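Q: Just a sequence and a predicted model for now, questions to come.
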Amino acid sequence: MEKRCNSHDAINDFDPGMNRAAFWLVRNDMTETTTSAAPSSSAASTTSSAPSSDTSNARNTLVITLLLISTFVVVLNETIMSVALPRLMEDLSISASVAQWLTTAFMLTMAVVIPITGFLLQRFTTRTVYIAAMTLFSAGTLIAAIAPGFEVLLVGRIVQATGTAIMIPLLFTTVLTLVPETSRGRIMGNISIVISVAPAVGPTISGLILSVLDWRWMFFIVLPIAVIALIIGAIRIPNVSEPRKTPLDVVSIVLSALGFGGLVFGLSNFATASAAMTAISLAVGGISIALFILRQVQLQRRDRALLDLRTFKSPIFTLAIGMITISMVALFGTLILIPMYTVGVLGLSELNTGLLLLPGGLIMGLLAPFVGRLYDRNGPRALVIAGSIVVSVSLWGMTMLSDTTPFWFVLVAHIALSIGLALLFTPLFTAGLGSIPPKLYSHGSAVVSTVQQLAGAAGIAVFITVMTARVVTETASGAEAVAAQASGIHSAFVVGAIISLAAIPIAFFIRKPASSGEPLPVGH
């Protein structure tokens with residue numbers, strides 16, 4: 001028998017280490033959702049149904065808040081290592097190429113696991129998937145915190161990434177399942193905070209920790225938060241989905257691992273690995289992806305696909321995926337280039353670089369809920385048109401960076417980029433995923449998360465490759481190291497700015513999907 005959950009009980013559960021502000025933000029959004037979505041009825045009917053509505057509302061608030069906090073913590077760890085690599089190289093006596101595997105292995109694991117989550121979310125209950133994800137993440141965090149050397153630390157990062165890969169699609173799918181279509185923008189705005197802000201503030205948090213503590217504290221600080229979230233979730237998260245027994249296709253898993261893993265490995269090592277290794281990785285990845293797609297098309301006719309590609313039958317979803325790809329290329333490419341520019345060219349410290357990036361990340365997070373409300377009120381088109389233009393203008397502004405550019409110009413350009421991305425992410429996530437049938441929500445969430453990983457790796461590869469090629473040319477012609485690096489970064493941003501132009505015409509075709517009219521499920 002389901003235990004009654006009210007908002008007072010829920011907030012008490014979040015007291016130990018949890019974010020009360022996050023709870024009340026989601027609670028207010030869910031309350032407005034219920035009020036605006038509730039049909040008019042007689043006073044007696046309203047009175048009799050109020051306790052049930054309040055209980056369901058408190059349950060949904062608890063579930064979504066817990067998932068948001070958990071996902072923020074796990075996504076944060078995706079970029080928290082970037083600033084720590086020099087310290088790890090010194091403490092563990094490893095080279096830069098070896099240390100880079102702590103980031104590369106994380107991305108590879110994410111790329112391999114995420115496509116499988118569509119199957120997992122259909123096959124198992126919400127609570128089971130959540131417990132598995134947070135257990136893996138907590139275990140990986142503990143392994144990394146006590147790692148005696150590089151090899152054990154790498155294992156910890158891989159285990160962490162496995163849990164992270166499951167959490168993001170779980171969050172998307174749960175919100176799509178619980179929240180009425182008329183108010184999804186508000187809650188999706190909160191998701192955008194997690195997806196966009198966590199990677200942006202990761203280097204800042206890492207820099208702050210490393211300025212006063214040992215690198216192991218990056219994991220020790222996160223561990224109790226993860227464990228508390230795991231315990232609360234195991235006790236209080238209801239099952240909001242109905243699992244169905246679908247056979248697991250081993251061939252699809254192998255093709256998925258080779259395909260997505262090969263592409264991410266090839267792209268993430270494009271500028272550092274040998275040409276032969278890169279070509280082989282990309283070739284194996286491309287061929288495996290082609291075979292994977294053919295396999296899924298065959299299996300989805302019997303509803304047995306590991307990753308159901310019928311999501312792309314929705315034109316809005318397909319267009320949204322295109323714009324998300326361009327946005328992620330811009331986000332991750334910029335996150336990798338700006339630290340190189342501020343440290344290598346302007347001479348700022350890692351901590352000051354992290355602090356310079358912090359305002360943009362915070363502004364992106366603060367804008368996301370308001371953008372969600374605008375989406376619910378007016379639809380996505382005006383938002384994504386404005387966002388795509390602002391992103392392009394900011395990237396063209398970054399093409400003006402040189403070895404004499406003042407740091408405040410970098411700050412303003414990054415804030416402008418963050419504002420543009422804030423206008424894009426929430427409408428694209430909401431409109432794209434809301435346009436597919438409910439039975440495909442889990443697969444659509446897996447597709448979005450997979451594209452984010454591939455686009456992020458592609459963005460880093462494109463920006464770094466262009467920069468490196470220009471630096472080599474400038475150095476050969478006799479330019480000083482700082483001037484050569486500034487010139488290379490300029491060239492990389494020119495390419496990024498050109499790519500961003502492709503999003504502007506697509507934005508005019510993004511619209512709010514029609515309502516499916518399907519009722520929301522009841523948890524158990």
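A: Arrived safely.
Q: what does stretch 95-105 rub up against?
A: Contact partners of stretch 95-105, identified using C-beta atoms under 8 Å, 6 or more residues apart in numbering, comprise 81-82, 85, 88-89, 92, 150, 153-154, 157-158, 161, 265, 268-269, 272. All C-beta spots, glycine's among them, are computed from the backbone N, C-alpha and C.
Q: Skipping adjacent residues, who's closest to the residue most central in space within the chain in space?
A: For the chain, I195 is the residue whose C-alpha lies nearest the centre (C-alpha atoms, centre = their mean; 3.8 Å). Using C-beta to C-beta, 6 or more residues apart in numbering and skipping the chain neighbours, the partner closest in space to I195 is F425 (6.4 Å).
Q: For the one you found, pull up the helix or strand it's in.
A: Counting by DSSP states H and E, the element that carries F425 is helix 407-434.
Q: confidence score at T272?
A: Here, the pLDDT recorded for T272 equals 64.
Q: Domain ranges for this structure, per the record?
A: 1-35+44-245, 249-305, 312-515 (automatic domain parsing).
Q: Quick one: residues contacting G262.
A: G262 touches S281, L282, A283, V284, G285, G286, S288, counting by C-beta under 8 Å, 6+ apart.
Q: Nearest spatial neighbour of the third one, chain-adjacent residues omitted?
A: Spatial nearest neighbour of A283, excluding adjacent residues (C-beta to C-beta, 6+ apart): G262 at 7.9 Å.
Q: where do the helices sit along the stretch 301-450 of the chain?
A: For the stretch 301-450 of the chain, the helices defined by DSSP state H, counting those that start in this stretch occupy 315-344, 350-378, 381-398, 407-434, 441-476.
Q: who touches the shortest one?
A: Going back to what we said before, that points to helix 381-398. Residues from elsewhere that reach helix 381-398 (C-beta under 8 Å, 6+ apart): 323, 327, 330, 334, 371, 374-375, 413-414, 416-417, 419-424, 426-428, 493, 496-497, 500-501, 503-504, 506-508, 510-511.
Q: Just the buried subset of these, please.
A: Buried members of the contacts of helix 381-398, scored by 16 or more other C-beta atoms under 10 Å, are 323, 327, 330, 334, 371, 374-375, 413-414, 416-417, 419-424, 426-428, 493, 496-497, 500, 503-504, 506-507, 510.
Q: Tell me where the stretch 151-300 of the chain has helices.
A: Under DSSP H, counting those that start in this stretch, the stretch 151-300 of the chain gives helices at 184-192, 198-212, 217-220, 222-236, 250-268, 275-299.
Q: Distance-wise, check the nearest residue to L223 once chain neighbours are set aside relative to V75.
A: Once flanking residues are discounted, L223 sits nearest to T141: 4.9 Å by C-beta to C-beta, 6+ apart. For T141, the distance to V75 equals 13 Å [C-beta to C-beta, to the nearest Å].
Q: Compare the two and say which one has the larger neighbour count.
A: Taking other C-beta atoms under 10 Å, T141 and V75 do not tie; T141 has more neighbours (28 against 21).
Q: can I assume that one is in contact with F219?
A: Yes: assessed by C-beta atoms under 8 Å, T141 is found in contact with F219 at 5.0 Å.
Q: what sits in contact with each of the two?
A: Common neighbours of T141 and F219 (C-beta under 8 Å, 6+ apart) are G156.
Q: re earlier: nearest to T125, of the contacts of stretch 95-105?
A: A161 (23.0 Å; C-beta to C-beta).
Q: for the stretch 151-300 of the chain, which spans come out with low pLDDT?
A: The stretch 151-300 of the chain contains residues with pLDDT under 70 at 196, 200, 241, 269-273.
Q: Run through the stretch 1-150 of the chain and note the low-pLDDT ranges.
A: Checking the stretch 1-150 of the chain against pLDDT under 70 turns up 1-57, 82, 96-97.
Q: ok, back up a step: with respect to burial, which of the helices of the stretch 301-450 of the chain scores highest?
A: The highest mean neighbour count among those, using mean count of other C-beta atoms under 10 Å, belongs to helix 407-434: a mean of 24.
Q: which residues does L433 contact?
A: L433 is in contact with F172, L176, F317, Y441, G444, S445, V448, counting by C-beta under 8 Å, 6+ apart.
Q: change it to 7 Å
A: Each residue near L433 by C-beta atoms under 7 Å, 6 or more residues apart in numbering is listed here: F172, L176, Y441, G444, S445, V448.
Q: hmm, back to that, format the helices of the stretch 151-300 of the chain as TSV; extra columns: distance to S487.
A: Below are the helices of the stretch 151-300 of the chain laid out as TSV (distance: least, C-beta to C-beta, whole Å):
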stretch	distance to S487
helix 184-192	35
helix 198-212	24
helix 217-220	34
helix 222-236	39
helix 250-268	24
helix 275-299	23
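Q: Looking at the ones you listed, which one is packed in the most?
A: Across these, averaging neighbours per residue (mean count of other C-beta under 10 Å) puts helix 184-192 on top, at a mean of 27.
Q: other SSEs contacting the helix or strand containing V482?
A: Assigned by DSSP H and E, V482 falls within helix 481-500. On a contact count with 3 or more C-beta pairs under 7 Å, 6 or more residues apart in numbering; DSSP states H and E, helix 481-500 meets helix 315-344, helix 381-398, helix 441-476.
Q: Now mean pLDDT and distance to A483 too, for those, in a markdown table please.
A: As requested, the helices and strands packed on helix 481-500 are exported to a markdown table (pLDDT from 0 to 100; distance: least, C-beta to C-beta, whole Å):
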| stretch | mean pLDDT | distance to A483 |
| --- | --- | --- |
| helix 315-344 | 86 | 11 |
| helix 381-398 | 93 | 17 |
| helix 441-476 | 84 | 7 |
